[in-house]
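[1] okay, sequence plus prediction incoming.
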Amino acid sequence: MTDLSHHSHAHTVFVLVHGAWHSSAQWAATQRALAGSGAASVAVDLPGHGFDATLPSGYLLPGQPGLLTEKSPLAAVTMEDCAESVLRTLRRVRRHHRRVVLVAHSAGGGPASLAAERAPELVDALVYLSAFVPAGRPRFFDYAGSPENATARGRTLGLGDPEELGAVRINPLSPDPAYVEALRQTHYHDTPPDRFDRWRSALSTDLPLAVPATPVTVTSARWGRIPRTFLRCADDRALAPAVQDLMIAEADLAMPGDGDGNPFTVRTLPGSHSPFAARPRALAAALLS
């Protein structure tokens, strides 16, 4: 059975796009599980994310001076910049792999969708892991601020004025226990408690405002022709299941496809917004299926 599984995924590569404040590093455990089944993967760092990301100048200093007011060093990052970083990876892997599966998490759905719209010939399948789908409404903010997402817990995490900062800013290293607990409950409530501090310390502070605020236009002739799957997170407290379902329904209505009027294949995973932390092997299995 192992040999058959290895053979079936030997020519597939998964291109993994993280969400807000995350990076390629958070995919590592999932990538190990994918590799164990013979599937290659490449994780992308969107501009302004990852270990090379520029942080606000006072973030790592005692008292974190200026964190509420300092203009983000990422304020000039555009949606085009983010989509191009995905496209560069897609072009690179397409030369070596027969099948390319583009996987987006959360806010990464915007850049991934735009990349797929620009070059659908580079993508054989799209997977949205509790991720923004722009086919129904063009901006991530349109869904994040919808009534269907009213139960989401992350609304108190933002610092300062995003318009003034040029970013949606959080403070993963906050000294305030209540803030840290709110961050855990929003993104990592089912991650083992003894690992949560390691996960939060790897987050960055700033999501360039362009990522949730820039409209992304996709068309049935390009984005809509790519087979797509939505992996719902059943106990998601950052992007509520109701708004996940809304995105699926509105995308299916806008671009119903050729036949059955239900172009999204939908599967549900247990747990939080961050299955790559809480259950990476189960996430890998869902991707491989």
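    Received the coordinates, thanks. These figures come from a predicted structure and were not determined experimentally.
[2] show me the helices in the stretch 101-250 of the chain, by range?
    109-118, 140-144, 162-165, 177-187, 193-201, 210-213, 241-254 (DSSP state H, counting those that start in this stretch).
[3] I'd like those helices as CSV, with distance to residue 29 and mean pLDDT appended.
    C-betas here are computed from N, CA, C, even on glycine. As requested, the helices of the stretch 101-250 of the chain are arranged in CSV below (distance: least, Cβ to Cβ, whole Å; pLDDT from 0 to 100):
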stretch, distance to residue 29, mean pLDDT
helix 109-118, 21, 98
helix 140-144, 26, 95
helix 162-165, 31, 96
helix 177-187, 16, 95
helix 193-201, 11, 90
helix 210-213, 24, 96
helix 241-254, 23, 95
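[4] out of those helices, deepest packed?
    For the helices of the stretch 101-250 of the chain, average neighbour numbers computed from mean count of other Cβ atoms under 10 Å are highest in helix 109-118, which has a mean of 26.
[5] the helices of the stretch 101-250 of the chain: which one's closest to residue 30?
    Judged by Cβ to Cβ, the one of the helices of the stretch 101-250 of the chain that comes nearest to residue 30 is helix 193-201, at 13.6 Å.
[6] residues in contact with that closest one?
    Here helix 193-201 makes contact (Cβ atoms under 8 Å, 6 or more residues apart in numbering) with 26, 172-173, 180, 183-184, 188, 191, 274, 277.
[7] make a markdown table from the residues you listed and add distance to residue 120 to it.
    Rendered in a markdown table, the data for the contacts of helix 193-201 read as follows (distance: Cβ to Cβ, whole Å):
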| residue | distance to residue 120 |
| --- | --- |
| 26 | 27 |
| 172 | 36 |
| 173 | 40 |
| 180 | 42 |
| 183 | 36 |
| 184 | 38 |
| 188 | 34 |
| 191 | 35 |
| 274 | 29 |
| 277 | 31 |
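[8] just give me the closest of these to residue 123.
    For the contacts of helix 193-201, the nearest to residue 123 is residue 26 (21.7 Å; Cβ to Cβ).
[9] quick one: neighbours of the closest residue in space to that closest one that isn't next to it in sequence, just the number.
    Excluding the flanking residues, the one nearest residue 26 by Cβ to Cβ, 6 or more residues apart in numbering is residue 276, at 5.5 Å. With neighbours defined by other Cβ atoms under 10 Å, the count for residue 276 comes to 25.
[10] how about the helices of the stretch 101-250 of the chain in CSV, adding distance to residue 99?
    Below are the helices of the stretch 101-250 of the chain laid out as CSV (distance: least, Cβ to Cβ, whole Å):
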stretch, distance to residue 99
helix 109-118, 15
helix 140-144, 28
helix 162-165, 38
helix 177-187, 31
helix 193-201, 31
helix 210-213, 28
helix 241-254, 23
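[11] any stretches of the protein with poor pLDDT?
    1-8, 10, 257-262 (pLDDT under 70).
[12] tell me which residue is most central in it.
    residue 105 (2.2 Å; Cα atoms, centre = their mean).
[13] beta partners for that residue?
    residue 129 (DSSP bridges).
[14] test my guess that it contacts residue 17.
    Yes. The pair residue 105 and residue 17 qualifies as a contact (Cβ atoms under 8 Å) at a distance of 6.7 Å.
[15] helix, strand, or coil at the closest residue to residue 92 other than its chain neighbours?
    The shortest distance from residue 92 to any non-neighbouring residue, by Cβ to Cβ, 6+ apart, is to residue 42 (7.9 Å). Secondary structure, DSSP: H, G, I helix; E, B strand; the rest coil: residue 42 is strand.
[16] what's the spacing between residue 42 and residue 89?
    6 Å (Cβ to Cβ, to the nearest Å).
[17] more neighbours: which of these two?
    Neighbour totals were compared for residue 42 and residue 89, and residue 89 leads with 22 against 17 (other Cβ under 10 Å).
[18] residues contacting residue 229?
    For residue 229, the contacting residues are 125-128, 264-267, by Cβ under 8 Å, 6+ apart.
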